[in-house]
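Trainee: Need the 3D shape of this:
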Amino acid sequence: MYNFVARRLMAPTLDFLRGTATMRCLRELEESQWWTRERILELQNERLRYLVKYAYDSVPYYRRVFDERGLKPDDIKTSHDLVKLPVLTKQLIRRNFDEITASGFPAGERVKLSTGGSTGEPLLFYSTRHCHINLSFAARQRGYSAIGFKLGDKHARLSIRYGHETRNEKLWKTAIEFFRRQLFLDVHELSADTMPHLAGRIERFQPKFIRSAPEVIEELARFIKAQGKRTLRPKAIVTGAAQLYDYQRDLFREIFGCDTYDYYGAVEQHTIACECPQHSGYHIAAEHVVVEIVDDEGIPVPSGEEGRIVITNLYNYAMPFIRYEVGDVGVASDRTCPCGRGLPLLQAVSGRTFDVI
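Mentor: Residues are numbered from 1 along each chain as shown. Purely as a prediction, here's the structure:
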C-alpha cells in the first residue's frame, strides 16, 4: 500500500511543490527501455544531432573546435560520427570554462555542481535543473525498479554528506528521507569505534535494500561476520561510486544472503548504466547519454576490448559535454540482454584510469 501511495500520491505532490517533472520522465523511461535497440539508438541520434547544432550555435568552444576542423553540425549525424571531434578532458574544461558555458542559457535554470575529486582535483561545472533533478532521479529509479526496488521501500543509504546545509535545508532533507523511508547514515568517520553504532541502527531499521560504495558494504559485512550475528536479510545490495569486485559480491551473498547490483554513474551525468537481475552487463541509459570506449587517441575500440570511457550528455544545454572523458576504464558489449530491454550494454566497468590516495 505504501508503495502505491508513494508512487501515485507523494512523488507527484513533490513534483508539484518543486515545479519538476521527475515522474513524467520516469514513466517515459520505463516505456522506452523495452523498445528495440534500433529504435532507442534512433532516438539517441536524434537528440545528439540537436545537441551538436545547439553547441555550435551557442557555445564558443565548440564553434571554434568545429571551425578548426572544417566541420559543420550536419557532419555529426550519429554517434559513430563523434570520432571526428576531440575528447574533452577536465583540463580543457578548466582552461576554457567560460567558452564552454552556453551563452543565453537562463541562469535560473543552471545548477553549479562539483565532482568528488576521486581522480584528482574536483571539477566545477554547470548542469541544468532538468538534468540534475528530473532525469537523474528517473534514470536511477528505472534501474532500481528493474531489481524490485520500488518507491517507498525501506532502504538504508550509507554515504557522506558534503557541504554546509542551512537549518531549512536539513529539515527539508529529513522530511524527504522520512517519507521515502530512507535511513541515511553518514560514514565519513567509518572506524572500529563507529561500526557497532552503524550496524546497530541498520539492524533495528531492517531495510529491504542497502545502498553504498562497495568498500563501505564490505566493512559492514566483515563486522557482522566477526560478530557472528547475521540478522540483516535485505532483498538486495546496491553498490556504486567505486569498482565492485567479484570477491565482494561473494562476501555480500554469504553475509546478507542476497544478490548485489552495481550502478555506474558520475556527477557529470548521474546514472550512466546499471545492472538488471540477468547480470549480463550494465544497461546504458542511452536515451540521455552516449557512451564510447576509446583508446588513448580517442578512437573507439572494438566491443570486448578495454578502453577509456567517454560520454556525451544529451541534455546538458547549460554546459554541453561532448566526448567527455570521465576518468574510468570499461568494456563495451554488442550482446543483447536476455531480460528483453533494448538498451545497449557495457560488458564491464573496470576501474579508474588512475587512482589517487
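Trainee: Point out where the stretch 51-200 of the chain drops to low pLDDT.
Mentor: Within the stretch 51-200 of the chain, the stretches with pLDDT under 70 are 116-120, 161-165.
Trainee: For it, which segments count as helices?
Mentor: Under the criterion DSSP state H, counting those that start in this stretch, the stretch 51-200 of the chain contains helices at 60-68, 90-95, 97-100, 129, 136-146, 167-180, 195-205.
Trainee: Could you identify which of those helices is most buried?
Mentor: Ranked by mean neighbour count, the helices of the stretch 51-200 of the chain are led by helix 136-146 with a mean of 22 (mean count of other C-beta atoms under 10 Å). Placement of C-beta: from N, CA and C, glycine included.
Trainee: on that earlier part again, output the helices of the stretch 51-200 of the chain as CSV; include the columns distance to residue 351.
Mentor: Putting the helices of the stretch 51-200 of the chain into CSV (distance: least, C-beta to C-beta, whole Å) gives the following:
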stretch, distance to residue 351
helix 60-68, 29
helix 90-95, 18
helix 97-100, 27
helix 129, 32
helix 136-146, 21
helix 167-180, 31
helix 195-205, 26
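Trainee: Which one, of these, ends up nearest to residue 22?
Mentor: Among those, the nearest to residue 22 by C-beta to C-beta is helix 136-146 (4.6 Å).
Trainee: Residue 345 touches residue 280, doesn't it?
Mentor: Yes: with contact defined as C-beta atoms under 8 Å, residue 345 counts as touching residue 280 (6.6 Å).
Trainee: So if I had to pick from those two, which one is more boxed in?
Mentor: Taking other C-beta atoms under 10 Å, residue 345 and residue 280 do not tie; residue 345 has more neighbours (25 against 17).
Trainee: these two touch, right, residue 277 and residue 149?
Mentor: No: Residue 277 is beyond contact range of residue 149, at 11.3 Å (criterion: C-beta under 8 Å).
Trainee: These two: which has the busier surroundings?
Mentor: Legend: neighbour count by other C-beta under 10 Å for residue 277 and residue 149, higher for residue 149 (19 against 13).
Trainee: so what's the residue nearest to the more buried one when sequence neighbours are not counted scoring on pLDDT?
Mentor: What sits nearest to residue 149 in space, not counting adjacent residues and going by C-beta to C-beta, 6 or more residues apart in numbering, is residue 209, at 5.2 Å. As predicted, residue 209 sits at a pLDDT of 94.
Trainee: Tell me the bridge partners for residue 209.
Mentor: Counting by DSSP bridges, residue 209 is bridged to residue 155, residue 236.
Trainee: just checking, it touches residue 233?
Mentor: No: Residue 209 is not in contact with residue 233 according to C-beta under 8 Å; the separation is 11.6 Å.
Trainee: Which one of these two is surrounded by more residues?
Mentor: A side-by-side neighbour count of residue 209 and residue 233, using other C-beta under 10 Å, places residue 209 first with 22 against 10.
Trainee: any idea how far the more buried one lies from residue 181?
Mentor: Taking C-beta to C-beta, to the nearest Å as the measure, residue 209 falls 10 Å from residue 181.
Trainee: which neighbours do residue 345 and residue 280 share?
Mentor: Common neighbours of residue 345 and residue 280, counting by C-beta atoms under 8 Å, 6 or more residues apart in numbering, are 335, 337.
Trainee: tell me the contacts of the closest residue in space to residue 77 that isn't next to it in sequence?
Mentor: Nearest non-adjacent residue to residue 77, counting by C-beta to C-beta, 6+ apart: residue 49, 6.5 Å away. Residues counted as contacts of residue 49 (C-beta under 8 Å, 6+ apart) are 73, 76-77.
Trainee: Equivalent analysis for residue 256, please.
Mentor: 210, 221, 230, 232-234, 237.
Trainee: Most remote residue from the middle of this protein, which is it?
Mentor: Largest separation from the mean C-alpha position in the chain: residue 228, at 34.7 Å (C-alpha atoms, centre = their mean).
Trainee: circling back to that earlier point, between residue 209 and residue 181, which contacts overlap?
Mentor: Residues within reach of residue 209 and of residue 181 at once, by C-beta under 8 Å, 6+ apart, are 153-155.
Trainee: mind checking how far the residue nearest to residue 149 is from residue 253?
Mentor: According to C-beta to C-beta, residue 209 stands 15 Å off from residue 253.
Trainee: host element of residue 253?
Mentor: helix 246-256 (DSSP states H and E).
Trainee: and after that helix, which helix or strand comes next?
Mentor: Going down the chain from helix 246-256, the next helix or strand is strand 259-266, by DSSP H and E.
Trainee: Partner strands of that next one, with direction?
Mentor: Assessed with DSSP bridges, strand 259-266 is paired to strand 236-239 (parallel), strand 270-275 (antiparallel).
Trainee: picking up where we left off before, return the members of the contacts of residue 49 classed as buried.
Mentor: Buried subset of these (neighbour count, 16 or more other C-beta atoms under 10 Å): 73, 76.
Trainee: Any idea how many residues pack against the closest residue to residue 59 other than its chain neighbours?
Mentor: Closest residue to residue 59 in three dimensions, ignoring its sequence neighbours and counting by C-beta to C-beta, 6+ apart: residue 102, at 5.2 Å. Here the number of neighbours of residue 102 (other C-beta under 10 Å) works out to 21.
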